[in-house]
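J.: Whatever this is, show me its structure:
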Amino acid sequence: MTSTRPYASDSPLAVLLALATDTVGPDETEQREDAETAAAHHVYNAYAHTLASVVDACDWQGYPSVTVDGRRLEPSAVAWLDGGAWLHHTLRITVDDGALDALTLVVPCTCGRGYVDILLDTEDALIEILTELAPTHGRSPHITDPAVDCHSIRTAPALYRLTS
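T.: You can find the predicted model right below:
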């Protein structure tokens, strides 16, 4: 069924509807590129003496937003560090705080069955974490506490949970 447009093609309504169509949002390629740029920018600014010296802008691989269990996850980027470890960056969008950079170091567990994610907040905290990981060559020491699950990457703390 075709409908006839009840307004002129150069009318204000036509112009506004065309604007709305054009502002649907970035496509997947743009989301990937934006995620890579945001990750590189955050690392260069917040981790200038550590991560920025070993992770270049071209090392980031961007991923578009996805919806999981009805929750929209923002575009993200990852950078491989070798030895099973990588960085994950995203902008956490909340109603109260707006966009916050969330950089996570993901490292394998010494048990060999899973990974542990470590939310980074400062360069000093990163140095402390790396100091703790050095004796195990970048692996997180296995903890037998059932509250700590190394079999899968845990979700971010409630402070960083996304809003829809």
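J.: what pLDDT does the spatially most central residue of the chain get?
T.: Centroid check for the chain by Cα atoms, centre = their mean gives T90 as the closest residue, at 2.2 Å. pLDDT recorded at T90 is 94.
J.: That one is in contact with Q31, isn't it?
T.: No. In this structure, T90 is not within contact of Q31 by Cβ atoms under 8 Å, at 11.2 Å. For the C-beta atoms, the positions are set from N, CA and C on the backbone; glycine is no exception.
J.: what about the residue nearest to T122 when sequence neighbours are not counted, distance to R32?
T.: Nearest residue to T122 in three dimensions, chain neighbours excluded: A46, at 7.5 Å (Cβ to Cβ, 6 or more residues apart in numbering). To R32, A46 is 21 Å away according to Cβ to Cβ, to the nearest Å.
J.: re earlier: overlap in contacts, T90 and Q31.
T.: By the contact definition Cβ atoms under 8 Å, 6 or more residues apart in numbering, T90 and Q31 are jointly contacted by P75.
J.: which SS state does C58 fall under?
T.: What DSSP: H, G, I helix; E, B strand; the rest coil gives for C58 is helix.
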